[in-house]
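Visitor: build me a structure from this.
(one chain, ligands or ions: 2)
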Amino acid sequence: MTHAPQHAIQVVAHRGASEDAPEHTLAAYKKAIEDGADALECDVRLTADGHLVCVHDRRVNRTSNGRGAVSALELADLAALDFGSWKTRDAWRGRDEEPDWEHLPEDPAETAVLTLERLLELVADSGRRVELAIETKHPTRWAGQVEERLLHLLKRFGLDAPRSAADSPVRIMSFSARSLHRVRAGAPTLPTVYLMQFVSPRLRDGRLPAGVRIAGPSMRIVRSHPAYVERLKRAGHQVHVWTVNEPGDVDLCVELGVDAIITNRPGAVLERLGR
Ligand code: G3P
Ligand code: CA
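Guide: Ligands and ions are numbered 1, 2, ... in the order given. This is a model prediction of the structure:
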């Protein structure tokens, strides 16, 4: 059964198709593109030698066979690590039957650390429009360097100055209003998304930090305060919800008229939406 919405909802692959393949790897992003995702979400951090890499946690301990903070490691150190095997171990854990190994690639290049540059190349070569939702992590530690490097890289790909926010295939997301402000200062037409884990009292009426047009509430906020989505929409904002994996949550997002669903399971969500 499908739950087709009245309006177009963008399906965004959270860390790639991260249920099927190890998050933030080429394998996960290739699978998301293959599944038909409209956009790819990725978290970016700076390495000790100034490269932007797609890693969620401050440390590499959970998602690789290495240890240490991304910011203390150089790209060459990260390139020597395996960012895929943890998923294999996790896939086995607690299951009675052998999991579907189809998307756990043998080629180590598919599960090596992924630079943002390589991800931009993948998108450019995908042969169709695939948007990117890039989240800046640890923006305070580097005092503007994450945003500076990010805009520099986007400029190289001709993605830093879209004619308008609506035209842009790239948007920048953050829990930090300061980080988004830095992005807009350097690239005024690039759309920005203010991520929220909870709704601060001064934003309860549906306002967002100055200059931000897109709200990124968690699914937990949406479930517990569905009226907040209506308030955001009445205030003229788009609403991009994360992380939406359960069919019932997809249905609620459809009912509330959200604009984007950020999910670890892009294939399943597209199917639920009748696409
Ligand atoms: O897409 C937004 C979402 O990714 C924010 O949470 O912790 O998964 O980066 P997190
Ligand atoms: Ca993220």
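
Visitor: CA only for contacts and neighbour counts going forward, please
Guide: Noted.

Visitor: mean confidence for the longest helix that the chain contains?
Guide: Criterion DSSP state H: the longest helix present in the chain is helix 145-156. For helix 145-156, the mean pLDDT works out to 97.

Visitor: same deal with stretch 28-43?
Guide: Across stretch 28-43, the average pLDDT comes to 98.

Visitor: what's next to it, contact-wise?
Guide: When contacts are defined by Cα atoms under 8 Å, 6 or more residues apart in numbering, stretch 28-43 is touched by residues 10-18, 20-22, 24, 54-56, 103, 126, 129-137, 262, 266-267, 270.

Visitor: inside strands: which ones of the residues you listed?
Guide: Secondary structure assignment (DSSP state E) places 10-14, 54, 131-136, 262 from these within strands.

Visitor: ok so, going back, quick one: the longest helix of the chain to strand 131-136, angle?
Guide: Between the axes of helix 145-156 and strand 131-136, defined by axes from the mean of the first three to the mean of the last three Cα atoms, to 10 degrees, the angle is 160 degrees.

Visitor: note down every partner strand of the helix or strand just after helix 145-156 and its orientation.
Guide: The helix or strand immediately downstream of helix 145-156 is strand 170-174, counting by DSSP states H and E. Here strand 170-174 has these sheet partners by DSSP bridges: strand 131-136 (parallel), strand 192-196 (parallel).

Visitor: mind checking which of the ones you listed is nearest A161?
Guide: strand 192-196 (13.0 Å; Cα to Cα).

Visitor: immediately after that closest one, which helix or strand?
Guide: Following strand 192-196 in sequence, per DSSP H and E, is strand 214-217.

Visitor: elements contacting that next one?
Guide: Other elements packing on strand 214-217 under the criterion 3 or more Cα pairs under 8 Å, 6 or more residues apart in numbering; DSSP states H and E are strand 192-196, strand 238-242.

Visitor: okay, those strands in JSON lines with mean pLDDT and mean neighbour count next?
Guide: Putting the helices and strands packed on strand 214-217 into JSON lines (pLDDT from 0 to 100; neighbours: other Cα atoms under 10 Å) gives the following:
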{"stretch": "strand 192-196", "mean pLDDT": "98", "mean neighbour count": "24"}
{"stretch": "strand 238-242", "mean pLDDT": "98", "mean neighbour count": "24"}
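
Visitor: can you list the strands paired with strand 170-174 in CSV and add distance to G248?
Guide: Converted to CSV, those look like this (distance: least, Cα to Cα, whole Å):
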stretch, distance to G248
strand 131-136, 24
strand 192-196, 21
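
Visitor: for the helix or strand hosting V123, list the C-alpha coordinates in PDB.
Guide: Using DSSP H and E, V123 maps to helix 116-124. What follows is helix 116-124 as a C-alpha-only set of coordinates in PDB (Å, rounded to 0.1, in the frame of the first residue of the first chain):
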ATOM      1  CA  LEU A 116      33.500  15.600   0.400                       C
ATOM      2  CA  GLU A 117      35.400  16.200  -2.800                       C
ATOM      3  CA  ARG A 118      34.900  12.600  -3.900                       C
ATOM      4  CA  LEU A 119      31.200  12.800  -2.900                       C
ATOM      5  CA  LEU A 120      30.800  15.900  -5.100                       C
ATOM      6  CA  GLU A 121      32.400  14.000  -8.000                       C
ATOM      7  CA  LEU A 122      30.100  11.100  -7.500                       C
ATOM      8  CA  VAL A 123      27.100  13.400  -7.600                       C
ATOM      9  CA  ALA A 124      28.400  15.200 -10.700                       C
END
